[in-house]
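A.B. asks: Give me coordinates for this.
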Amino acid sequence: MADQRNGAAKAAGGYTIDMGNFIKRLKAFYGHWKEHRVDMWTGSDAIAVATPPASEDLRYLKSSALNIWLLGYEFPETIMVFTSKQIHFLCSQKKANLLETLKQSARDAVGADVVMHVKAKNDDGTAAMDEMLRVVRAQSKSDNPVLGYIAREAPEGKLLETWVERLKASSIQLGDITNGFSELFSVKDETELTCVKKAAYLTSSVMKNFVVPKLEKIIDEEVKVSHSSLMDDTEKTILEPIKVKVKLKPENVDICYPPIFQSGGEFDLKPSATSNDENLYYESTSVIICALSSRYNSYCSNVARTFLIDGNPIQSKAYEVLLKAQDAAIASLKPGNKVSAAYQAAVSVVEKEAPEFMSNLTKSAGTGIGLEFRESGLSLNAKNDRILKAGMVFNVSLGFQNLQAQTKNPKTQKFSLLLADTVIISEKSPEVLTAPCSKAVKDVSYSFNDEEEEEVRPKRKAEANSVEALPSKATLRSDHQEMSKEELRKQHQAELARQKNEETARRLAGVGSGSGDGRGHMKASWELTAYKNVNDIPQAKELVIQVDQKHEAILLPIYGSMVPFHISTVKSVNSNQDNRTCTIRIIFNVPGAPFAPAPDPNSLRNQTAIHLKEITFRSKDPRHSSEVVQLIKTLRRQVASRESEKAERATLIARSVDPPAFRGRGRKLPGTLEAHANGFRYSTSRPDERVDIMYGNIKHAFFQPAEKEMITLLHFHLHNHIMVGNKKTKDVQFYVEVMEVERERKNRINMEFQNFVNKVHDHWGQPQFKGLDLEFDQPLRELGFHGVPHKASAFIIPTPSCLVELIETPFLVITLSEIEIVNLERVGFGQKNFDMAIVFKDFKKDVLRIDSIPSTSLDSIKEWLDTTDIKYYESRLNLNWRPILKTITDDPEKFIEDGGWEFLNMEASDSDSENSEESDQGYEPSDAEPESASEEENEDSESLVESDEEEEEQDSEQDSEEEKGKTWEELEREASNADREKGDESDSEDERRRRKKVKVMGKSRLPERSLPTNAKRPKMR
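C.D. replies: From the prediction side, this is the model:
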């Protein structure tokens, strides 16, 4: 059998032929042959198709296409002869065993008997060939029978060469039936269209989620990469779809041609073009053309995009005209129109918009596409009078070849443009399958000029404006409207700033506000016992600080006696060495300290207790001092981690039985979700595997139907963790995978989920649930934006009460009411991306970052934040938030006196030129890479072990922050000194910009395996 390159796909247990497809398509074949015997099939009395030996080369043959279309696989070195009464196969024994299964189906479909001619290993097959030719003569109604064959396919291999010789030696007349097969394959059925859609989805995903981000990274980092290297990397990605999160089986996937990358003035717009070994050229006014394709089950798809780097007016105009022309060509692909209408529509646009480019326009607007990359007879040129039909698929490819850019650089003087998309003709309007890969001007035009060139760029823009000559009144009116809208937003934000500072001041002034900087669970002092009696205290040989690991205590020499302190009473410890003297400073947790836990009513009995707040020791033995400090820190971290885990486990929902141990890969478990009187129950096929979610533990519930995603889901974000097997989590999701191409099934599943949600809503409307305030939120997709909340890019969507990302793991669920302020960072400098830092009202929580948000989303995010009454600020750099929050919590009064959050107000800082630098230095904006939220302690999707490790890291970092104990003024002085040592700030900014690059990952989801027809059961993750 042929390998996957030639269409064979091995099923479990061997090869099987889909009898339903075979019967349906055999009927279509014989019906078309009978109806168009004279005009399409050259009056053939019989049809012979000979398939050559398997080959590793990429090739497109009508004989192979017929094999795959009719039988599902390619049968190399096989000869098929179709007559009105019989179907003859000449092949090896192995193939004959599989083809024998067709006998009954062929008889039922068209009344033809299947006759097998088995070719032995050393047999040349001439006897069987003569027998088949004899049958053709015998069954023909004519004395001069005509045998149809594919004339354009040259014989390959000994078997086919012998067959051609026998044909020529016979008296049978031969006729070319290429047009008949071209017409037969032109209209695709639903199964074929599904394969095309899957191929197109893979193609556009690779372009969008691999090629475009890779090009951006190469240009940003100024890396030298050859076209051929890009071709190899892209081909590997196509052949491994999981790299772009497309879950198609690799054995069903192939390329149609090696990916094409062209730049530097040398362009060839044919699919037969190759990617040379020259490096990618991306200097100003350069053009990059990328074309790639993929096959799924041998059905082809194609996409091509052109990227403009600092394009000049001629290039921009040419691209806009080409885009309009291609859109016009696509729009003309309607049933009943002539094939030539597509190219004529494109020509009309070019002649109207830019007649000077007409001579450079490609001679066709593409070709039909399917089992063959270029289907003969379906070229979208000006002379093709065939009629378009619903179900046809076209590769609409249009370009300009060798335009003049009027630049002095020889590598940019000539440029070409190319756009290509895979399009299905439907009864209503054409369906562009590769549309997810944007070709809009704003998405393919890049400006990568360095900052030192910014003075030149306004001149270039002025030249562009002089060419287009836009009316000045319209421009001024638009600017005025935008300014008015911005002013309204600024006024509202100013009022929000006042309200936010007042609210923060009240919260910081209150004891036990939940805004502390301590971590973990801290017991009251009277609950801590290191030694039950004095006799348990170890005897000290000398008066030095000792650490008792067994009893979790430290022994401090005070007035000649060793005084024990439980390690949990220690807040921080640090050491400083000055000349030959080492100082150890120990700070204790005491009631009444800023942001300490609220006093327990039972503590009234200890009103007369005396608390030690701080103690300092001096030593001449720096080695011992260092060891002691390290031992205290290690013991404190271990105890804090243990107590934190106990506290978290105490919040888990109690169960009457132990949680079942789930088996299954990746925690994706198919089962059934049921709504009961007091909660949800998810059950799998195993009776001992289930998950219960109580309504009282649900903090947020979300319903997200499948639109552009591959899953329909219900997601629950909980108040308290639950255990699923040996994992604790606050996020549980139930979903069903759907295919984008299976629209009817997708709509049905969305409706089933919606009906379930409606019934649950009715149940939650009962009086006993009113206090829980439960309701399913549905993400507002139109407000969504792309960003990197963890380690991969995702599409983040607001809901009425949250900001969520529920497709990629780990999930993101941010409650809007818990947000203190939002700081938009790296805004300005002409950058393509910015970051969002979300500060929570609970200052114990680390700031959550969403990185690499496209700058095109900035205005819409501002508008959304403003309408939800969230105060936002903007900054030009990334801020180091941990020391900022510690400074605030250490001295909240100073923070309020200095204007609260207004230190983030970039406009206010700019207006005060004398104090702006001081203000920035006080909060130490960091050029280091921002800390990812995925590394923080509150990643609920991870195991307890991982959470513990993260907690330890954070405790360690907290220790280092607490050890410093520096005042606001000290921080300002250190920042000023650090800036003077660094020198020119632009260097550090350049370093930061080089380090921080956009990393885009696809967000689409396809099923790991083909879905069964009855796959309705949701899965949990």
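A.B. asks: how about Phe400, what does it touch?
C.D. replies: Counting by CB atoms under 8 Å, 6 or more residues apart in numbering, Phe400 makes contact with Ala318, Leu322, Phe357, Asn360, Leu361, Thr362, Ser416, Leu417. Where you see a C-beta, it was placed from the backbone N, CA and C, and this is true even at glycine.
A.B. asks: rerun at 7 Å
C.D. replies: Contacts for Phe400 (CB atoms under 7 Å, 6 or more residues apart in numbering) come out as Ala318, Leu322, Phe357, Asn360, Leu361, Ser416, Leu417.
A.B. asks: cool, Ile288 as well?
C.D. replies: The contact partners of Ile288, taken as CB under 7 Å, 6+ apart, are Leu215, Ser263, Leu280, Tyr282, Phe307, Ile309.
A.B. asks: neighbour-wise, which of these leads?
C.D. replies: The most crowded member of those, judged by other CB atoms under 10 Å, is Ser263 (26 neighbours).
A.B. asks: Which strand runs longest in this structure?
C.D. replies: Secondary structure of the chain read by DSSP state E shows that its longest strand is strand 711-724.
A.B. asks: helices or strands next to it in the packing?
C.D. replies: Judged by 3 or more CB pairs under 7 Å, 6 or more residues apart in numbering; DSSP states H and E, strand 711-724 is in contact with strand 698-704, strand 727-737, helix 743-764.
A.B. asks: Could I get the CA-only coordinates of that strand as CSV?
C.D. replies: Output of strand 711-724 as CSV, limited to C-alpha atoms (Å, rounded to 0.1, in the frame of the first residue of the first chain):
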residue,chain,number,x,y,z
ILE,A,711,-15.1,23.2,22.8
THR,A,712,-18.4,24.0,24.5
LEU,A,713,-17.9,24.3,28.2
LEU,A,714,-19.3,24.8,31.7
HIS,A,715,-16.7,26.2,34.1
PHE,A,716,-16.9,26.5,37.9
HIS,A,717,-14.6,28.7,40.0
LEU,A,718,-15.0,27.7,43.6
HIS,A,719,-14.7,29.6,46.9
ASN,A,720,-12.7,26.7,48.5
HIS,A,721,-10.5,24.1,47.0
ILE,A,722,-11.8,20.6,46.4
MET,A,723,-9.8,17.4,45.9
VAL,A,724,-10.0,15.6,42.6
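A.B. asks: circling back to that earlier point, just send the contacts of Ile288 back as CSV, with pLDDT, secondary structure and distance to Val822 too.
C.D. replies: Formatted as CSV, the contacts of Ile288 follow (pLDDT from 0 to 100; DSSP: H, G, I helix; E, B strand; the rest coil; distance: CB to CB, whole Å):
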residue, pLDDT, secondary structure, distance to Val822
Leu215, 92, helix, 31
Ser263, 94, coil, 40
Leu280, 93, coil, 38
Tyr282, 90, coil, 34
Phe307, 95, strand, 32
Ile309, 91, strand, 33
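A.B. asks: Just the closest of those to Val396, please.
C.D. replies: The shortest gap between Val396 and any of the contacts of Ile288 belongs to Phe307, at 19.1 Å (CB to CB).
A.B. asks: thought the closest one was touching Asp443?
C.D. replies: No - assessed by CB atoms under 7 Å, Phe307 is found out of contact with Asp443, at 9.2 Å.
A.B. asks: Please enumerate the helices of the stretch 151-300 of the chain.
C.D. replies: 157-169, 178-186, 190-206, 212-221, 227-239 (DSSP state H, counting those that start in this stretch).
A.B. asks: Ok, the stretch 451-600 of the chain next?
C.D. replies: 457-468, 472-509.
A.B. asks: worst average pLDDT in these?
C.D. replies: Mean pLDDT per stretch puts helix 457-468 lowest among the helices of the stretch 451-600 of the chain, at a mean of 36.
A.B. asks: Right, I'll leave it there.
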